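A.B. asks: Show me the folded form of this:
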Amino acid sequence: MSETPLLDIARDWSHWTEPPPRSVPRSVQVPKEFRPDIALVVQGVRRCGKSTLLKQLMDRYALDRTKCLFINFEDPRLAGSLNHQCLQSLVDAFEADRGAGCTYFLDEIQGVAGWERWLRSQLDRSGKRRFAVTGSNAHLLSGELGSVLTGRHHTVELFPFDLAEYRALRPRCTLTEYLTNGGFPATVASPDHAMMLRNYFQDIVERDVRSRVGARSSAPLRQLAQMLFEGAGSETSMRRIAAALDVSIDTASLYTQAISDAYMCFPCEFHAWSERKRLVRNRKYYPVDPGLRRACVTPTGADLGKALEFHAASQSLRPGALLARRRRSGLRGGTRRQSHSGAGDMGCAAGAAHEGHGCLHPRAPRRARAGLRDGRFVRARHSRACAARVRIGAFGSSGVGH
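C.D. replies: Numbering: from 1, shown residues only. Just a heads-up that it's a prediction; the model follows:
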């Protein structure tokens, strides 16, 4: 493809003449300095707002938007030319028009063949070019990227809206509404949010998971993702999953890892001081967003207790989250989960007589379950009849759940 059509495509995605549309500021930590020798990599589940975050970086770093080039490599006009020569032609054409010292925001770059080594060569050269890239496949952006760009990139993980970001669009929302609808940005104000979430589910399975493992059919991958969502918060046996899907245990493990790499869910390992004990125990899996799970599994009621457990577990993945143990009267052990991401101050205590799974902390009880009570308290239960009350202070004081 010649340089002129490339710039025409980039002009449609960039904001050279007018600022980008207003959007909800994301509570995600980025490097204090945008250096020319270190690429900024933004990764996360599809449709969580990575492209919008790239545009917000112009204000965060006070960049001249006339020298910032945005391009999305899923644009159909680029089909057939997704290789490193296309990247080099784009850079050469833009700098011939705007001069040196430009910033390049390359969205969904995982589809460009050889982009990792091309980017490494750009970072190794002396110059003032700066690069920020996004992609949806976590394994591609942490495995291959880490081997080629060792010490040459900062990774920023982005997730769907937390409660504070959700309230920026819907100030009067309740905690129940947030747990029901989820935090994918485009679904917040849409009356068809359930339909959109089901489409997201299909897209992630087909475009991120299936393409990664090279499966001939997406049916077993879709069934496995639904099984993980339905059994979220419980121990997951690879042997049982393999029997249900009629595949080998190794294949079931490969598929599960691919689903986790695509940010559809994330694992929670059994905590023990012995590595052997951790390896022989099954993992738990939590969905990246409670609304995505609710839209894709067979409804069995409000199920708000589990949704709250999923939300609390997902907050432990966000920057600024602190996990600490604490004791409460009548309990042999306990945990406290505190978030500084703006979603409020959540405490969760649950008796833990022995080592077990940790959705909020590695020593939380093995089969913890949560349920809303009066919108202000959560009672955690597990098989050993050990219960504790949890006060969600910031949620209660702000009227959430009423």
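A.B. asks: So which residues of this structure form strands?
C.D. replies: Taking DSSP state E, the strands of the chain run over residues 39-44, 68-72, 103-107, 130-135, 153-158, 235-236, 265-268, 283-287, 321-325, 335-339, 372-373, 377-380, 388-391.
A.B. asks: Quick check: which helices or strands does the fifth one pack against?
C.D. replies: For strand 153-158, the contact count by 3 or more CB pairs under 8 Å, 6 or more residues apart in numbering; DSSP states H and E identifies strand 39-44, helix 50-60 as packing neighbours. No exception for glycine: its C-beta is placed from N, CA and C like everyone else's.
A.B. asks: The residue nearest to Y286 when sequence neighbours are not counted: how many residues sit nearby?
C.D. replies: Nearest residue to Y286, sequence neighbours excluded (CB to CB, 6 or more residues apart in numbering): A313, at 4.6 Å. Neighbours of A313 under the rule other CB atoms under 10 Å: 23.
A.B. asks: Do you know the pLDDT at A313?
C.D. replies: Note on A313: pLDDT of 82.
A.B. asks: How much space separates it from A232?
C.D. replies: 9 Å (CB to CB, to the nearest Å).
A.B. asks: Find residues that contact each of these two.
C.D. replies: Common neighbours of A313 and A232, counting by CB atoms under 8 Å, 6 or more residues apart in numbering, are Y286.
A.B. asks: For A100, which non-adjacent residue is spatially closest?
C.D. replies: Nearest in space to A100, with sequence neighbours left out and distances taken as CB to CB, 6+ apart, is K128 at 5.9 Å.
A.B. asks: How about the contacts made by the one you found?
C.D. replies: 36, 100-102.
A.B. asks: now swap in C173 and tell me
C.D. replies: C173 neighbours (CB under 8 Å, 6+ apart): 166-167.
A.B. asks: Contact partners for Y285?
C.D. replies: 228, 231-232, 236, 256, 260, 265-268.
A.B. asks: ok, 7 Å please
C.D. replies: Listed by CB atoms under 7 Å, 6 or more residues apart in numbering, the contact set of Y285 reads 228, 232, 236, 265, 267.
A.B. asks: next one: F94
C.D. replies: F94 touches 7, 10, 69, 102, counting by CB under 7 Å, 6+ apart.
A.B. asks: and with 10 Å instead?
C.D. replies: F94 makes contact with 3, 6-7, 10, 14, 67-69, 71, 102, 104, 129, according to CB atoms under 10 Å, 6 or more residues apart in numbering.
A.B. asks: Among these, pick out the one closest to Q56, please.
C.D. replies: The nearest member of the contacts of F94 to Q56, counting by CB to CB, is C68 at 11.9 Å.
A.B. asks: how much space between the closest one and H271?
C.D. replies: Counting by CB to CB - C68 and H271 are separated by 44 Å.
A.B. asks: Then A100?
C.D. replies: With CB to CB as the criterion, A100 and H271 are 52 Å apart.
A.B. asks: okay, these two: which has more neighbours?
C.D. replies: For the pair A100 and H271, the greater number of neighbours falls to H271 (18 against 9), based on other CB under 10 Å.
A.B. asks: Kindly state the pLDDT recorded for the more buried one?
C.D. replies: For H271, pLDDT reads 76.
A.B. asks: Is it in contact with R278, as I believe?
C.D. replies: Yes. The pair H271 / R278 is scored as a contact, 7.3 Å apart, by CB atoms under 10 Å.
A.B. asks: Same list, the contacts of K128, but as JSON lines with distance to P25 and pLDDT please.
C.D. replies: Converted to JSON lines, the contacts of K128 look like this (distance: CB to CB, whole Å; pLDDT from 0 to 100):
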{"residue": "P36", "distance to P25": "25", "pLDDT": "93"}
{"residue": "A100", "distance to P25": "30", "pLDDT": "90"}
{"residue": "G101", "distance to P25": "26", "pLDDT": "90"}
{"residue": "C102", "distance to P25": "25", "pLDDT": "95"}
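A.B. asks: who wins for most neighbours among these?
C.D. replies: Most surrounded of those: other CB under 10 Å gives C102, at 21 neighbours.
A.B. asks: hang on, isn't it packed against Q122?
C.D. replies: No. Counting by CB under 10 Å, Q122 is not a contact partner of C102; they are 11.5 Å apart.
A.B. asks: Quickly list what's touching both of these two.
C.D. replies: With contacts taken as CB under 10 Å, 6+ apart, C102 and Q122 have 91, 129-131 as neighbours in common.
A.B. asks: In a markdown table, list those residues along with neighbour count and distance to G80.
C.D. replies: As requested, those are exported to a markdown table (neighbours: other CB atoms under 10 Å; distance: CB to CB, whole Å):
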| residue | neighbour count | distance to G80 |
| --- | --- | --- |
| V91 | 19 | 19 |
| R129 | 17 | 26 |
| R130 | 24 | 28 |
| F131 | 22 | 23 |
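A.B. asks: and the longest helix seen in the chain, which residues are buried?
C.D. replies: Taking DSSP state H as the criterion, the chain has its longest helix at helix 84-98. Going by neighbour count (16 or more other CB atoms under 10 Å), the buried part of helix 84-98 is 84, 86-87, 89-91, 93-95, 98.
A.B. asks: could you dump these to a markdown table with distance to E177?
C.D. replies: Listed next are these as a markdown table, based on distance: CB to CB, whole Å:
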| residue | distance to E177 |
| --- | --- |
| H84 | 46 |
| C86 | 44 |
| L87 | 43 |
| S89 | 48 |
| L90 | 43 |
| V91 | 45 |
| A93 | 47 |
| F94 | 44 |
| E95 | 48 |
| R98 | 45 |
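A.B. asks: List just the nearest of these to R222.
C.D. replies: Of the buried residues of helix 84-98, the one sitting nearest to R222 (CB to CB) turns out to be C86, at 32.6 Å.
A.B. asks: ok, that closest one touching R77?
C.D. replies: No. Counting by CB under 10 Å, C86 sits too far from R77 to count as a contact (11.4 Å).
A.B. asks: so where's the stretch 1-150 of the chain uncertain?
C.D. replies: Low-confidence segments of the stretch 1-150 of the chain (pLDDT under 70): 1-4, 126, 136-145.
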